[in-house]
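Let me see the structure of the following:
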Amino acid sequence: MDAISLLKQDHAAVKALFDRYEGLGDEAEVAKQELADRIIKELSIHAAIEEQFLYPYAKQRDERLEATVYEALEEHNVAKWELSAIEKLSPKDPRFDAKMCVLMENVRHHIREEEEQLLPRLAQRCDRAELEALGDTLQHAKQAAPTHPHPRAPDEPPGNAMAPVLAAMDRGRDFASVTIKRTGQLMGRLRAGAKALTRKAGKRTAKAAQALAPPAPRRRKTVARAVAAKRRTARRKTRR
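This next block holds a predicted model:
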């Protein structure tokens, strides 16, 4: 896939996630968190591959694109700080939706400018083979790109060559997060199973205790019945 098609495909995927987020109700906190996590990952990867390869290549092909590239880098910087802030919040936080709204507005503006200015001008200056080669580079770069925002990290060469190191750290963090989540789910299922077994064992123990219990003692005579019996015995003796 050529570079321009690949980038537009990424843009479309992110905008679709934005639309889904905006369609959620105020109480859909779990769905909001899941979508926010996906948005953070997709934008972090996309920003990294553009900063590593697209923007340096665009400046190299045409020096007149330098101002456009620097504007795009500043828009990336704003987005990464917002992503970093969102990552630390919960959907229950009253500022979560507000930050997501600001992020989506800024990224949509960035996408529109990139697709209307940078990408068309790059297409004019590159032949098909160049765009295909750049597309392959971007696609491979995705596999070694950070999955979380790093707003303090350099966004231009040679400083951003540390992106694969950040990516390795991010993937370790993602793996640990997934492992903890799965462990929590497993422990929850084990606790529920243990409670169910305890309830069943309790019922069986009660039934067994009932079966082994001695028969109930015969009812003792009440005082009134005992007195009446004595009177009857006395009457019989008198008659004799």
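
quick one, strands of the protein?
Counting by DSSP state E, the chain has no strands to list.

tell me the helices in it, going along the chain?
Ranges of helices in the chain, per DSSP state H, are 3-22, 29-49, 55-61, 66-87, 96-113, 119-125, 128-142, 163-212, 223-239.

So which of the ones you listed is nearest Pro149?
helix 66-87 (4.0 Å; Cβ to Cβ). Where you see a C-beta, it was placed from the backbone N, CA and C, and this is true even at glycine.

helices and strands around the closest one, which ones?
helix 29-49, helix 55-61, helix 96-113 (3 or more Cβ pairs under 8 Å, 6 or more residues apart in numbering; DSSP states H and E).

Relative to the whole chain's centre, how far out is the worst-scoring helix or strand of the chain on mean pLDDT?
Ranked by mean pLDDT, DSSP states H and E, the weakest helix or strand in the chain is helix 223-239, scoring a mean of 72. Chain-centre distance of helix 223-239: 87 Å, with Cα atoms, centre = their mean, to the nearest Å.

How much space separates Phe228 from Thr238?
Let me fix one detail, which is that residue 228 is Ala and not Phe. 16 Å (Cβ to Cβ, to the nearest Å).

Compare neighbour counts for these two and give me the winner.
Ala228 (12 against 7; other Cβ atoms under 10 Å).

quick one, what contacts the more buried one?
Taking Cβ atoms under 8 Å, 6 or more residues apart in numbering, we find Ala228 in contact with no residue.

what is the rounded mean pLDDT of stretch 67-74?
Averaging pLDDT along stretch 67-74 gives 96.

same deal with stretch 100-112?
pLDDT averaged over stretch 100-112 gives 97.

Return the set of buried residues in that stretch.
Neighbour counts using 16 or more other Cβ atoms under 10 Å place 100, 102-104, 107, 110-111 of stretch 100-112 among the buried residues.

So which of those residues is the closest to His76?
Within those, the smallest distance to His76 is 7.6 Å, found for His110 (Cβ to Cβ).

Quick check: that closest one vs Ala224, distance?
Taking Cβ to Cβ, one finds His110 at 98 Å from Ala224.

Wait, Tyr73 touches Pro154, no?
If you look again at residue 73, you'll see it is Leu, not Tyr. No - in this structure, Leu73 is not within contact of Pro154 by Cβ atoms under 8 Å, at 10.6 Å.

start to end distance for stretch 115-123?
Taking Cα to Cα, to the nearest Å, stretch 115-123 runs 11 Å from one end to the other.

Could you check how many residues crowd around Ser84?
So Ser84, with other Cβ under 10 Å, has 16 neighbours.

Any chance of the helices and strands packed on helix 66-87 in TSV with distance to Ala211 as columns?
Formatted as TSV, the helices and strands packed on helix 66-87 follow (distance: least, Cβ to Cβ, whole Å):
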stretch	distance to Ala211
helix 29-49	48
helix 55-61	81
helix 96-113	59
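
looking at these, which is closest to His148?
Nearest to His148, of all the helices and strands packed on helix 66-87, is helix 29-49, at 5.5 Å by Cβ to Cβ.

For that closest one, buried residues please.
32, 35-37, 39-41, 43-49.

between it and helix 66-87, what angle do the directions make?
Helix 29-49 runs at 150 degrees relative to helix 66-87, counting by axes from the mean of the first three to the mean of the last three Cα atoms, to 10 degrees.
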